[in-house]
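1. sequence below, structure please.
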Amino acid sequence: MDLNLQRPLLFFDIESTGLDIPTNSIIELSFVKVFPGGEERIKTWKIKPWDYEKQCQRPIEPAASEVNGVTDDMLVDCPTFYELSDEIASWLEDSDLAGFNSQKFDLPMLAEEFERVALTGKKLNVDLHAPRMVDVQNIFHAMEPRNLKAAYRFYCGGEDFDNAHTAEADTVATYKVLKAQLDRYPDQLKNDVAHLSSFVGKRYVDFSGHLIYNDAGEPVVNFGKHKGKTAREVFEKDPSYFAWIQQGSFSLDTKHQFEKLEERFKLERLAQKFKRS
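-> Now for the predicted structure:
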């Protein structure tokens, strides 16, 4: 089934130097951009992983190389994410997003790279919280719990796809799986990005899921000693917690979202103070 799109849907997948988002970088990024009407465009970048603090190439963890087949020497002459950021941002314009398990890793990792670029002072018009996000794995796990290879085998004809764990092969496979899912579950799935993006899963405030929305639409801490408490409640009873987040080993996006909430709560407190005076 072809996708019913009101605006472009950008499927994406990354390969990285490792799995810890704050300390790792993207080494391969692939986009499959599907337009209303069915036009498809594919773009893949090999990227030199850059350590902005040490100003050098970030090494790939051996375990990551074993999975993606990429070694440090293969990326020496590639552009950095900073150098590619304008081009990557242009592909993201006016698009919703889709991927396989992207909500938990690929999207936070992509956001982290853009946050690092922003810290250098470069201005980019990118807000990855704005697009709808369709995570094909959420649909797959709800219907047939397994991984991308099994999903492709199950939905797309029984064969494994070539070059698994390369960004482009995984991205194309994810696109094909979503179309096949729409064919297989016409009664449960609507051919609509708004419906697909909200199909199972929690509503995250930050991409790493340290903050989630509760049923009332309030940001709630989703880890550690304050898990289950609203961010507002934590701000009122333990304001130093917000400073601890900024100093901790969290993604830049997580720190940014806590910072925005802290600024909002302080402004609201100030407004109440002037209202009473």
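
2. going forward, measure contacts between C-alpha atoms and count neighbours the same way
-> Will do.

3. show me the shaky parts of this protein.
-> 145, 158, 164, 200-202, 277 (pLDDT under 70).

4. start from the N-terminal end of it and give the strands.
-> 9-16, 26-34, 40-46, 50-51, 56-57, 96-99, 133-135, 211-213, 219-221 (DSSP state E).

5. could you export these as JSON lines, including mean neighbour count and distance to Q272?
-> Below are those laid out as JSON lines (neighbours: other C-alpha atoms under 10 Å; distance: least, C-alpha to C-alpha, whole Å):
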{"stretch": "strand 9-16", "mean neighbour count": "27", "distance to Q272": "43"}
{"stretch": "strand 26-34", "mean neighbour count": "24", "distance to Q272": "44"}
{"stretch": "strand 40-46", "mean neighbour count": "16", "distance to Q272": "50"}
{"stretch": "strand 50-51", "mean neighbour count": "19", "distance to Q272": "43"}
{"stretch": "strand 56-57", "mean neighbour count": "14", "distance to Q272": "48"}
{"stretch": "strand 96-99", "mean neighbour count": "27", "distance to Q272": "38"}
{"stretch": "strand 133-135", "mean neighbour count": "25", "distance to Q272": "36"}
{"stretch": "strand 211-213", "mean neighbour count": "22", "distance to Q272": "24"}
{"stretch": "strand 219-221", "mean neighbour count": "24", "distance to Q272": "21"}
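
6. C-alpha coordinates for stretch 220-229, PDB please?
-> Backbone C-alpha positions of stretch 220-229 (Å, rounded to 0.1, in the frame of the first residue of the first chain) are rendered in PDB as follows:
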ATOM      1  CA  VAL A 220       7.000  14.000  34.400                       C
ATOM      2  CA  VAL A 221      10.500  12.700  35.500                       C
ATOM      3  CA  ASN A 222      10.900   9.200  34.100                       C
ATOM      4  CA  PHE A 223      14.000   7.900  35.900                       C
ATOM      5  CA  GLY A 224      15.900   7.900  39.200                       C
ATOM      6  CA  LYS A 225      14.800   9.000  42.600                       C
ATOM      7  CA  HIS A 226      12.100  11.400  41.300                       C
ATOM      8  CA  LYS A 227      10.600   9.000  38.800                       C
ATOM      9  CA  GLY A 228       6.800   9.500  38.500                       C
ATOM     10  CA  LYS A 229       6.900  13.100  39.900                       C
END
